[in-house]
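A.B. asks: A structural model of the following input is requested.
(2 chains)
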Amino acid sequence: MSQSAGIPAGIKRHVTGHHFDTAETEFSAAKLGFWIFLCTEVLMFGGLFVAYTYFRTLMPETFAEAHKTLSIPLGTVNTVVLIGSSFTMAMSIRAAMVNQQKLMMVCLTITLLAAAAFMVIKLGFEWPHKFHEGTLPAHWYTYEGLRDVTAPHLFYGLYFVMTGLHGVHVIIGMGLIVWLMVLGKKGRFYSGYYTPLEITGLYWHFVDLVWIFLFPLFYLVG
Amino acid sequence: MAHETSSNPNEVSHQPLPVKVYIGTFLGLLFLTFVTVFIAQFHFGEWNLLVAMAVAITKASLVVLYFMGLKHDHDRFPAVVFLAGLFFLGIFMGPTMYDHFTRGSVDATRGTYVRVTRDGFPPGVSVPLPEGEKAPAAAAH
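C.D. replies: The predicted structure follows:
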């Protein structure tokens, strides 16, 4: 028990599940399982990226014109917010590994606030503007400004489905971070056990990863 | 993550990465975001897409290698699984786009795949058609 030195009082020490030999095996198994889940996520978003590439090469002038209706400043702010939240997520895991539980909770709180800020910018500023202008998918499309390009509603179909699915992931991530904060408050995370933190971190970085591609493809070089 | 062999089967013992690795990754991502937004203001045609994708792939690599820790994992299984996912995404994307881009190269009159265009023949036809078919086929295109 040499490692109990830095572990604060009030921490609930972890007991490895009976079906695992050691905590190390348990940790690796959980992590590998989550990477396999992330692969299915890669392929789910991948399908949408294939659709994007297909339609973009089919009608490049539609994408070139329609992307100008998206706000680059708002997209950039959201990118910075998401990158920052990825950083604080990574820092919260590190804090748990070195038994700085206070820092861990602070970092998780900042991550949660950043996620909320991302959704407020998306649902509170970007989308209402589009509903107002009528830059919407399919037969909801009523915008007057893009008369001379083919099928601009397709661009907005892809935009809403791809950023929408990403937004759903952000909301799920917020739920997971709240769950981590509850467990953290109960003193479950420390140098000897931080698997839920590590795995939610992987999920959260993946959400960041998807946005890293969505941002240039829709806002910058549509 | 370097890990010592722990005498305790109930707890892991991992050495965390130095804070400067995370700060460096964070600053690198911010810098690349600035670069990609800045470059998007200029119009280089197709180069815009190439540069934006190169920057996005660099950013994604930073996130995967350092934030997600693929570089410092003590086993290679997660990396293999992740690369397998990307490989299948390539299978998804590659043939789909190959089909998409080569639809126009199919000789409409014969259904064969040919590359060369010659004056007086339909696009894609590289072999002279039999006398009777030449005129109507050329006229149709």
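A.B. asks: Please report how far residue B:39 lies from residue B:49.
C.D. replies: Counting by Cβ to Cβ, to the nearest Å, the gap between residue B:39 and residue B:49 amounts to 11 Å. For the C-beta atoms, the positions are set from N, CA and C on the backbone; glycine is no exception.
A.B. asks: Would you map the helices across chain B?
C.D. replies: B:19-39, B:46-62, B:77-102, B:131-140 (DSSP state H).
A.B. asks: could I get those helices as JSON lines with distance to chain A, mean neighbour count and mean pLDDT?
C.D. replies: Rendered in JSON lines, the data for the helices of chain B read as follows (distance: least, Cβ to the nearest Cβ, whole Å; neighbours: other Cβ atoms under 10 Å in any protein chain shown; pLDDT from 0 to 100):
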{"stretch": "helix B:19-39", "distance to chain A": "4", "mean neighbour count": "17", "mean pLDDT": "95"}
{"stretch": "helix B:46-62", "distance to chain A": "4", "mean neighbour count": "17", "mean pLDDT": "92"}
{"stretch": "helix B:77-102", "distance to chain A": "3", "mean neighbour count": "14", "mean pLDDT": "92"}
{"stretch": "helix B:131-140", "distance to chain A": "24", "mean neighbour count": "11", "mean pLDDT": "50"}
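A.B. asks: these two touch, right, residue A:56 and residue A:64?
C.D. replies: No. Checked against Cβ atoms under 8 Å, the pair residue A:56 and residue A:64 is beyond contact range at 9.3 Å.
A.B. asks: When the two are compared, which one has more neighbours?
C.D. replies: residue A:56 (20 against 16; other Cβ atoms under 10 Å in any protein chain shown).
A.B. asks: List phi and psi for the single nearest residue of chain B relative to chain A.
C.D. replies: Minimum separation of chain B from chain A (Cβ to the nearest Cβ) falls at residue B:11, amounting to 2.8 Å. Reported as degrees, to the nearest 10, the phi and psi values for residue B:11 are phi -140, psi 140.
A.B. asks: and residue A:113, how many neighbours?
C.D. replies: By the other Cβ under 10 Å criterion, the neighbourhood of residue A:113 contains 15 residues.
A.B. asks: Make sure residue A:209 is actually in contact with residue B:62.
C.D. replies: No. Using Cβ under 8 Å, residue A:209 is not in contact with residue B:62; the gap is 10.1 Å.
A.B. asks: ok, and the closest non-adjacent residue to the residue of chain B closest to chain A?
C.D. replies: Leaving aside its chain neighbours, residue B:11 sits nearest to residue A:192 (2.8 Å; criterion: Cβ to Cβ, 6 or more residues apart in numbering or on different chains).
A.B. asks: Please name the residues that touch that neighbour.
C.D. replies: Residue A:192 sits next to A:3, A:7, A:13-14, A:23, B:8, B:10-13 when contact means Cβ atoms under 8 Å, 6 or more residues apart in numbering or on different chains.
A.B. asks: Give me the local confidence score for it.
C.D. replies: Looking at residue A:192, its pLDDT reads 92.
A.B. asks: got it, and the one 10 residues further on?
C.D. replies: In this prediction, residue A:202 carries a pLDDT score of 96.
A.B. asks: ditto for residue A:196
C.D. replies: pLDDT recorded at residue A:196 is 96.
A.B. asks: The strand or helix carrying it close to chain B?
C.D. replies: When secondary structure is defined by DSSP states H and E, residue A:196 falls within helix A:195-214. Yes. Using Cβ under 8 Å from any Cβ of the partner chain, helix A:195-214 comes into contact with chain B via A:201-202, A:205-206, A:208-209, A:212-213.
A.B. asks: So which elements touch that helix?
C.D. replies: Other elements packing on helix A:195-214 under the criterion 3 or more Cβ pairs under 8 Å, 6 or more residues apart in numbering or on different chains; DSSP states H and E are helix A:23-58, helix A:72-97, helix A:152-185, helix B:46-62.
A.B. asks: residues in contact with residue B:40?
C.D. replies: Residues A:72, A:216, A:220-221, B:48, B:52 are the ones in contact with residue B:40 under the rule Cβ under 8 Å, 6+ apart.
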